[in-house]
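Asker: Please find the sequence and the predicted model below.
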Amino acid sequence: MTTEVACCVKKSRGRPKVFDREVALDKAMTLFWQHGYEATSLSDLVEATGAKAPTLYAEFVNKEGLFRAVLDRYISRFADKHEAQLFCEEKSVDAALSDYFRAVATCFTSKDTPAGCFMINTSATLAASSKEIAQTIKSRHAMQEKTLCEFLTQRQARGEIPADKCISELAQFLNCILQGMSISAREGASLDTLLQITDTTMRLWPQMLKSR
């Protein structure tokens with residue numbers, strides 16, 4: 001009888017939880033996105049992910065390693081999808097830009113994630129001691145302007161943008177608008193407000209293309 005009970009007890013024990021890397025990264029992403037890199041502690045990450053500290057250390061080495069993995073996850077989940085709106089050959093340059101801005105605005109104001117841009121939010125509160133993380137975020141964030149440059153250069157080659165226009169200046173301007181939208185969303189701006197900014201930007205677009 002005792003043997004049977006012991007056997008039943010053993011059989012009733014569930015299997016140990018399998019570590020789900022993507023789920024853990026998404027939960028960690030929400031914390032970093034909401035509170036920034038500095039204010040998010042390892043204990044916060046352990047609680048949010050449901051993983052034990054040794055598991056996180058084994059998978060990511062340290063908090064910095066986890067953040068870098070989260071940054072890659074953010075780019076694959078959000079940034080890459082937004083950029084796909086730009087590089088659609090069937091769209092006109094204005095339609096592609098408008099769709100891109102609208103996709104970004106929707107992300108910035110989504111109820112499923114913290115408001116604003118992940119990279120801007122996490123970089124805003126970095127301490128001077130976090131130079132390597134700051135440099136990583138800066139280089140990744142610079143890719144947004146680089147992507148805009150690449151897109152505009154392609155459209156200039158197709159004749160949709162005058163040959164005498166400075167592509168880098170256009171990209172810088174558009175990137176500043178996007179950064180401003182992120183800050184506005186962080187401060188509570190609604191999707192409608194960001195879409196109004198998008199519409200205003202697109203109304204100004206023909207003026208931007210005129211020669212000086």
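Answerer: That came in fine, so what should we check first?

Asker: could you dump stretch 166-183 to PDB, C-alpha only?
Answerer: Taking Å, rounded to 0.1, in the frame of the first residue of the first chain, the C-alpha atoms of stretch 166-183 are listed here in PDB:
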ATOM      1  CA  CYS A 166      19.900  66.100 -50.200                       C
ATOM      2  CA  ILE A 167      18.700  62.700 -49.100                       C
ATOM      3  CA  SER A 168      20.500  62.900 -45.700                       C
ATOM      4  CA  GLU A 169      18.700  66.100 -44.800                       C
ATOM      5  CA  LEU A 170      15.300  64.700 -45.700                       C
ATOM      6  CA  ALA A 171      16.000  61.600 -43.600                       C
ATOM      7  CA  GLN A 172      17.200  63.600 -40.600                       C
ATOM      8  CA  PHE A 173      14.000  65.700 -40.800                       C
ATOM      9  CA  LEU A 174      11.700  62.700 -41.000                       C
ATOM     10  CA  ASN A 175      13.600  60.900 -38.200                       C
ATOM     11  CA  CYS A 176      13.200  63.900 -35.900                       C
ATOM     12  CA  ILE A 177       9.400  63.800 -36.500                       C
ATOM     13  CA  LEU A 178       9.400  60.100 -35.600                       C
ATOM     14  CA  GLN A 179      11.400  60.800 -32.400                       C
ATOM     15  CA  GLY A 180       9.000  63.600 -31.500                       C
ATOM     16  CA  MET A 181       6.000  61.300 -32.000                       C
ATOM     17  CA  SER A 182       7.600  58.800 -29.600                       C
ATOM     18  CA  ILE A 183       8.000  61.500 -26.900                       C
END
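
Asker: list the buried ones in that stretch?
Answerer: Residues Ile167, Leu170, Ala171, Leu174, Asn175, Ile177, Leu178, Gln179, Met181, Ser182, Ile183 are the ones in stretch 166-183 that count as buried (16 or more other Cβ atoms under 10 Å). To be clear about C-beta, it is placed using only N, CA and C from the backbone, and glycine gets the same treatment.

Asker: The closest residue to the third one other than its chain neighbours: helix or strand, and which one exactly?
Answerer: Using Cβ to Cβ, 6 or more residues apart in numbering and skipping the chain neighbours, the partner closest in space to Ala171 is Leu148 (4.0 Å). Counting by DSSP states H and E, the element that carries Leu148 is helix 131-157.
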